[in-house]
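> got a structure for you, letters missing:
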């Protein structure tokens, strides 16, 4: 206990000095959790080889309350993970020690700072461990304020459903939020009741008592006591703590959130910690040497469709998942309880161990996928395109993780028909395009969908495959290639009146428009823009130059969609781009009625081309 | 009870026939909740004047499980709300009876269909009732599958925190989801435990026993029993039901989700309901005649800043809230526990009754705001721009409600500095622009921020005000006007080498770039594009024509942001647009360092202008 007390004091010292040096940060939120984390790290619970942070059987710690980064960095410094003097670079431009933990720092599991996301990531890691039969444990530190986020309760439910007895969460109940007291204040029993009702084992502790904290971790790590009938449970440690603990004028005081000490305040605070040896380093317990699961990749079987055959791209996505499993033996398929609509259910039947039912909880699905990626999996996540918006913030954070995750949004656009607006994905391309280093593909037939899904499995970053509910004819030969950033020019002549750029359902409308216009003696160019991001600027520039006008047609809102992607790519080149997109409140109806209503049908394209040919001056 | 039994049979008849006529829809999910809703409507609980659906003291019913629309429509038809023969138009193009309830139907409170959102809307309505001292009750019907959504638990917590004893929720535990059994199956106690832990009064009932259901509603509507120390509690009725109830070959059977009966199956099913009189209509209990709260609007006081004075736009937003309260006496201010950062806290201090702390639960905040709007309030909702992405799906649904809601996202862009990427709003404009009929404003100084916030209060649709953390100098006189769809040309000459279009922090960079270039004898045009949507196409066209090149500069990702808004608006006119935007992974650092790093600083603008002037050919 004495050693722990000394270490906690050293850590507090680093928290205070590094944040004062930075001039911004969250020392008080760090101080409340210091004793909890000191025990986890240095009382022999946490197993980690600091020389090999990527070792597959290291325990994992996710700081869901990412603003407590001064504590996070201090812990790893004391554990010998990196030189202590680097703590003084905290929050400075170019430092690995950013305001909230990022991937630049080798001990960060995933970047945090958007609250309420860490537990889902922990669920993903603990599920990976179960799947791969690895004994490492996953720990998640939560703040009490963030427990208001629904995503936490999605994760709670998920962890309980999967019996994740290798997952330990700690809530640092320090009572004080940013601007006020939390809803529950210091009522630790309220948190305990909720966690228990969600099927977790719960320990309530004094978060500043080394004895109580030690007891709780010991209990959490006990092998499951129950017999065959007892499913393992995840553990929640609810800890009553004080914000600013250790410094009398900070402790349990409001208005100190996110504030650092001035130099003179620091000088008053430090003596309260007693004498500390800031050079002290303490070794973490070693991880167990258990071999990682290894599965050699094999070639995926070939795609096999017949040109003209009618297949929905969502079905092709499902077929692809099964087909490419051999190529990506570490893939994991997650779905938000609509696998019979997204067609992820084929994979579920063939590879039940690698299919994870996430129920109707998209935020948690995305977080779990992120955690699985971090543990070496290639996650494919599917639901209706519309409902992926639910996970926007999780997807936003995944971009900062540099995560490779493949999202598939089915039921894109008004062409889903009778179900109506609530089920139509109309801003999904905008969302995924706005993610840094993301890839957005929008296949128009089964062959391209299969090939692109396969490519996404070996790509990088946040990848998005947009699929269509309706069946559409197969357009391509089975050996056609679809490079990212490419496109397919399907109709072309030397006297095209305009270029129609489309993808998905509207590409078929464009092809129909081509036939109608051809009968009138008018030729148009038709481009399948299957790769919306990156975009085939070369073909677009050429088409604009050769045909004068580019017309985009999409089953999506204009803003941020295919039309703006094309307009934006061509913007530096003084090209003329006109756009057909969903601009009216959509409603229930037959797919064809709705394409017509929104002005994105073959008839609308024909009308637009005639208008262009009539040469109404635009300036 | 006999009457209820007959009415339930009639409603089941309508459910089956209308969905078979449509050829799609969710009859089985409707049948499970039929008895629950029949009792609510026709056993004297639900008070509603069907001739005046907008009457302010009607009880309110939100079908959070919107796919049970056949039941919803049948209930209102039997209650005399509209002609029964219209039920046969269900899901047809042009019908008011869409696949999921929409605003075309006069008894829809808010459109539903994206699961897990209805309870938040109910919380907003019940809170409005409390605020306005109206005795109406709010009822929410939830499916069991949607209870996996975290947003439900955000709403549960919020209802309990505010002691909403005027809110009654019913969970239709029919065990079967879309593709499989739910996590809890028929374990109604599991739901009950969770709801009780979240501070609700809970009744568990057989959802097909009129006696038990009646008992539960009676208990829920009893005046609060407790003394002064007991805060009122919301009520949750957990009902064990069977999907497809009433038809032997549907009841409790998997694989019937979202499927309708074929004509021959319908003919087999209907006789099982016994003899029904489909012409029957039943009157609902009348609402109480209580006067609505009326507050006459007054003029807002004048804006008062000094040109050159340094004020953050986020501070101006907060000032505006207080200033315009007189003009919008029914405004409600909601914040996600960062009111001391968004500066909504000034309003909180002055008008505590109209400030609603939503804690860190953005989804629920948006849903509550939607419910408040529907009850006549003008909701202003604030948090960090980055965290509004959390509510993307709720905002998406708000567009279909035609809701007028004002969102304010503070801490936009990399210019927030040291806190790092997780806290930076970099795709918020993309998100809000992609919403139909939305308005996006991005003020650059305190005067425009105040004026635009004031204008948003009287505008319509989903409105977004983007604010900046850093202080910036006041640019405009206090009497300057800022019409929507306008812009301000701040620097202009007859020989401008290019036009810089910016807003927010980058406008000030553009003004600095102007000075640098002017010293070199180069003039540029500078446009403050405070209205990003709608956009000032006239000024942009003129600038493009007169200066040759338009350069956009924004503290936001390119995709869907200000740059693409401009590119998209100018696309039909063969203009040349180049864009500076955040394109690199942001990190911690000083605001100026980060603007530089991302290439959106005054230096980057100067460099771009010089490049344009050097005339490197682009084609």
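Structure's in. What do you need? Please read all numbers here as calculations on a predicted model, not as lab measurements.

> what's the distance between the one helix or strand residue A:267 maps to and the middle of its chain?
Taking DSSP states H and E as the criterion, residue A:267 maps to helix A:263-269. Its chain's C-alpha centre and that of helix A:263-269 lie 41 Å apart, by Cα atoms, centre = their mean, to the nearest Å.

> what sits up against that helix?
Contacts to helix A:263-269, defined as Cβ atoms under 8 Å, 6 or more residues apart in numbering or on different chains, come from residues A:16-17, A:20, A:247, A:249-250, A:261. The C-beta positions use only the backbone N, C-alpha and C, and glycine is treated the same way.

> Strand partners (parallel or antiparallel) of the helix or strand just after it?
Heading C-terminal from helix A:263-269, the first helix or strand you meet, by DSSP H and E, is strand A:310-312. Using DSSP bridges, strand A:310-312 pairs in its sheet with strand A:471-473 (antiparallel).

> for chain A, what are the low-confidence residue spans?
A:224-231, A:616-619 (pLDDT under 70).

> What residues of the lengthiest helix in chain A count as buried?
Longest helix in chain A, counting residues (DSSP state H): helix A:2-22. Across helix A:2-22, burial judged by 16 or more other Cβ atoms under 10 Å in any protein chain shown covers A:4, A:6-22.

> And it, what does it pack against?
Packing partners of helix A:2-22 (3 or more Cβ pairs under 8 Å, 6 or more residues apart in numbering or on different chains; DSSP states H and E): helix A:27-31, helix A:34-42, helix A:69-78, helix A:263-269.

> how about the nearest residue to residue A:292, chain neighbours excluded?
Distances taken as Cβ to Cβ, 6 or more residues apart in numbering or on different chains place residue A:56 nearest to residue A:292, at 4.3 Å, with adjacent residues excluded.

> residue contacts, that neighbour?
Counting by Cβ under 8 Å, 6+ apart, residue A:56 touches A:134, A:136, A:292, A:375-376.

> follow-up on the earlier one: I'd like to check the angle between the longest helix of chain A and helix A:34-42, please.
With axes from the mean of the first three to the mean of the last three Cα atoms, to 10 degrees applied, the angle from helix A:2-22 to helix A:34-42 works out at 120 degrees.

> residue in chain A nearest to chain B?
Nearest to chain B in chain A, going by Cβ to the nearest Cβ, is residue A:150, at a distance of 2.3 Å.

> That residue - nearest residue in space that isn't next to it in sequence?
Leaving aside its sequence neighbours, residue A:150 sits nearest to residue B:150 (Cβ to Cβ, 6+ apart; 2.3 Å).

> The residue nearest to residue A:232 when sequence neighbours are not counted and residue A:216, how far apart?
Spatial nearest neighbour of residue A:232, chain neighbours left out: residue A:165 (2.9 Å); criterion: Cβ to Cβ, 6+ apart. Between residue A:165 and residue A:216 the computed distance is 15 Å (Cβ to Cβ, to the nearest Å).

> next helix or strand past the one helix or strand residue A:333 maps to?
Using DSSP H and E, residue A:333 falls within strand A:331-335. The helix or strand immediately downstream of strand A:331-335 is helix A:339-342, counting by DSSP H and E.

> any bit of that next one sitting next to chain B?
Yes. Applying Cβ under 8 Å from any Cβ of the partner chain, one finds helix A:339-342 in contact with chain B at A:339-341.

> do stretch A:600-612 as well
No. Stretch A:600-612 is not in contact with chain B by Cβ under 8 Å from any Cβ; minimum separation 10.2 Å.

> For the stretch 451-600 of chain A, what lies in contact range of chain B?
Within the stretch 451-600 of chain A, the positions adjacent to chain B are A:533, A:541, A:545, A:557-561, A:563-565, A:567-568, A:570-579, A:583-585, A:587-590, A:593-594, A:597 by Cβ under 8 Å from any Cβ.
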